[in-house]
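Enquirer: below: sequence and its predicted model.
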Amino acid sequence: MNSVSDTAIQRDRLGRKRAAALDRAAAVSPTRNVPPDRIVALLEAVIDAGDRLCIEGNNQKQADFLARALVQTDPQRVRGLHLVQSVLALPEHVDIIERGQVDRIDFSFSGPQAARLARLVESGQIAIGAIHTYLELFARYFVDLTPNVALIAAQAADREGNLYTGANTEDTPVIVEATAFKGGIVIAQVNEIVDKLPRVDIPADWINFHVLAPTPHYVEPLFTRDPAIITETQVLTAMIAIKGLYAEYGIRRLNHGIGFDTAAIELLLPTYGEELGLRGKICTHWALNPHPTLIPAIEAGWVESVHCFGSEVGMENYVAARPDIFFIGADGSMRSNRAMSQAAGHYACDLFIGSTLQIDLQGNSSTATKGRIAGFGGAPNMGADARGRRHASPTWLKAGAEGRAPGAMPRGQKLVVQTVETFREQMAPTFVEKLDAWDLAEASGMDLPPVMIYGDDLTHVITEEGIANLLLCRTPAEREQALRGVAGYTPVGLARDRQAVENLRDRGVIRRAEDLGIDKRRATRDLLAARNIKDLVHASDGLYDPPQKFRNW
Amino acid sequence: MEHMSLSFPAPTASGDDASKARAAAVICGVVASGNLEVLVEAGDDPAFCDIVVNTSAEGFGDIWRAVLRDFAARHAVGGLTLSINDVGATPAVVSLRLDQAFESFRSAS
């Protein structure tokens, strides 16, 4: 039986751990404003061997200065770490593993480092707990993966240590909340220290230290799609999507992926959508980053509301000028929030539409390929039916009715759609008998093949050959033929049962452009509301300020 | 460069279209966009469409045959000869361009 004092010590285990770390830190930096040249020593002082560590970063902003500092720490002192973070995107995120300082990682996305990560896993140098979706990882921060130390990025701190995260608030609130309230230590890198912040996004008493980074934190312009690169095939599939799906279901609340296929849809709203009389009837409310390609639709009065996961480089002034559309603080700048927008995308949107690299005969899709461990970030949160949803909308009810046998309990369903060209570059077929995800799972010892969107969540597939409505398929065999029937000249498409596909077409399960009354001659780039980046700048009245790499003037 | 000379059964072209093709070879569609151009001329047999393909991508003969067979079955192109110069377009682009090219050929006066 424990004595009273043992129990008290036990009760405050985390508090004592934090107090000890702060004592050691005081010897390095007596103030919470840490001199930049003391940051490596500070990390060595506060990080215990075996700690769970979160280096903030997403596919947008990155706590890059702190990541660079971490790889300079003494591997004898800072070791046995368990990384629990959204992305492994910077070289330093993987360098720290190669330096032998990390035992285990739990994450969501590793795009740019996917090949290096696969090599480390295959050679047994690192164990992956799991590859999560964003919401799932954030949820585990509050259950069993709470960070002991979080290294975050903010735009500015004031003298007290309050933080302004502004338009690129992104993942910061969820990371800080989990860490600060469960005995952890939060260190923020900031681009500037000011007397008065535009607004307080994170209060000072949730933060232990801030450091002025020598260079502003990196932000990737990930959601900028140059209209000049949109192909006529993408224009055609966008026409099919708008007429055969958006109009058909009256889709008002939605989320788009980041590909050119969906950028084409955004750019066709003010032209083709307007012709079809759809303004106000579709695409009014969005969970979406500030896509530059949405500017023409916003300016043409299509959009009522957009909530953002993050911001987008160059869109700050345009977004700030549209507080009627975006979520703007009293200071006049946007606040994004990835966790909130992911929840909005999951529960409050009637449609997710995105693209993928491979779709199999059951409709499972994945961007995983052998030799690359990339994860899927947030797509699976949006690209899944929300089984906990209870509110109805006409769109959700129509999809639910199509997908259910007569007499079943009435229930809605989310539209989850993949829009793809049947072949990708180098003539790689998008439709396959077996996903590469199976090989990757085997080579990397994963519990499951990494599937981005499961076939039983997928409701429609759109290709240049038409649209397949999987809700109307009554048997697995029908479903397979519906997929083959839009798979074009891929081996999967060529192996279709032509009669079965014609029968599905008669039933409206498959609809071709001609079935929808779409004149293919009009599928040209002339139909795009903006044909290049400069057109987007004009559409924004000069408020959109594209990054240099997108300027050719 | 791969060269293919193919022939497919096709619904016979309308009299107007046949005489248009006899009068002059017509380059149609979207030549300027770069990766595929189509030349329409008069052919010999009104029940067949002859198609000549010059493509920069090698080893996709089976896919070309499937794309062109479906195109010939879909449109009244019997009695016409099509010449296609391709610089690596995907089957999706080839199908779309051919459909667009033939529709603009038909509607040209």
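Expert: That came in fine, so what should we check first?

Enquirer: and residue 66, which of the three is it?
Expert: Picked chain A for this. helix (DSSP: H, G, I helix; E, B strand; the rest coil).

Enquirer: that was the other one, I meant chain B.
Expert: helix.

Enquirer: now do A:Q418
Expert: Under three-state DSSP, A:Q418 comes out as strand.

Enquirer: close to chain B, is stretch A:225-236?
Expert: Yes: against chain B, stretch A:225-236 shows contacts by C-beta under 8 Å from any C-beta of the partner chain at A:231-233, A:236. Just so you know, the C-beta spots here come from the backbone N, C-alpha and C atoms, and that holds for glycine as well.

Enquirer: would you convert the residues you listed into a markdown table that also reports pLDDT?
Expert: As requested, those are exported to a markdown table (pLDDT from 0 to 100):
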| residue | pLDDT |
| --- | --- |
| A:T231 | 91 |
| A:E232 | 90 |
| A:T233 | 92 |
| A:L236 | 96 |
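
Enquirer: which residues of chain B lie near chain A?
Expert: Going by C-beta under 8 Å from any C-beta, the residues of chain B near chain A are B:30, B:33, B:57, B:60, B:63, B:66-67, B:90-93, B:95-97, B:99-100, B:103-104, B:107.

Enquirer: now these: which count as buried?
Expert: B:30, B:57, B:60, B:63, B:66-67, B:90-93, B:95-97, B:99-100, B:103 (16 or more other C-beta atoms under 10 Å in any protein chain shown).

Enquirer: quick check: which ranges of chain B have low pLDDT?
Expert: B:28-34, B:109 (pLDDT under 70).

Enquirer: A:L163 against A:V190, yeah?
Expert: Yes: in this structure, A:L163 is within contact of A:V190 by C-beta atoms under 8 Å, at 7.1 Å.

Enquirer: between those two, what contacts are shared?
Expert: By C-beta atoms under 8 Å, 6 or more residues apart in numbering or on different chains, A:L163 and A:V190 have these common neighbours: A:154-157, A:210.

Enquirer: which of those residues fall within helices?
Expert: Among the shared contacts of A:L163 and A:V190, no member is found in helices (DSSP state H).

Enquirer: now a PyMOL select for only the buried ones of those residues.
Expert: Buried subset of the shared contacts of A:L163 and A:V190, written as a PyMOL selection, criterion 16+ other C-beta under 10 Å:
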select buried, chain A and resi 154+155+156+157+210
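
Enquirer: ok, the shared contacts of A:L163 and A:V190 vs A:T463, which is closest?
Expert: A:Q155 (42.2 Å; C-beta to C-beta).

Enquirer: and the helix or strand hosting B:A18, how far out from the chain's middle?
Expert: Element membership for B:A18 (DSSP states H and E) is helix B:15-23. Between the centre of helix B:15-23 and the centre of its chain there are 15 Å (C-alpha atoms, centre = their mean, to the nearest Å).

Enquirer: where along the stretch 201-350 of chain A do the strands fall?
Expert: A:209-212, A:253-256, A:285-287, A:305-307 (DSSP state E, counting those that start in this stretch).

Enquirer: quick one: which of those is nearest chain B?
Expert: Nearest to chain B, of all the strands of the stretch 201-350 of chain A, is strand A:253-256, at 20.8 Å by C-beta to the nearest C-beta.

Enquirer: JSON lines please, covering the shared contacts of A:L163 and A:V190 and showing distance to A:A443 and pLDDT.
Expert: Output for the shared contacts of A:L163 and A:V190, formatted as JSON lines (distance: C-beta to C-beta, whole Å; pLDDT from 0 to 100):
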{"residue": "A:A154", "distance to A:A443": "39", "pLDDT": "98"}
{"residue": "A:Q155", "distance to A:A443": "41", "pLDDT": "97"}
{"residue": "A:A156", "distance to A:A443": "45", "pLDDT": "98"}
{"residue": "A:A157", "distance to A:A443": "44", "pLDDT": "98"}
{"residue": "A:H210", "distance to A:A443": "42", "pLDDT": "98"}
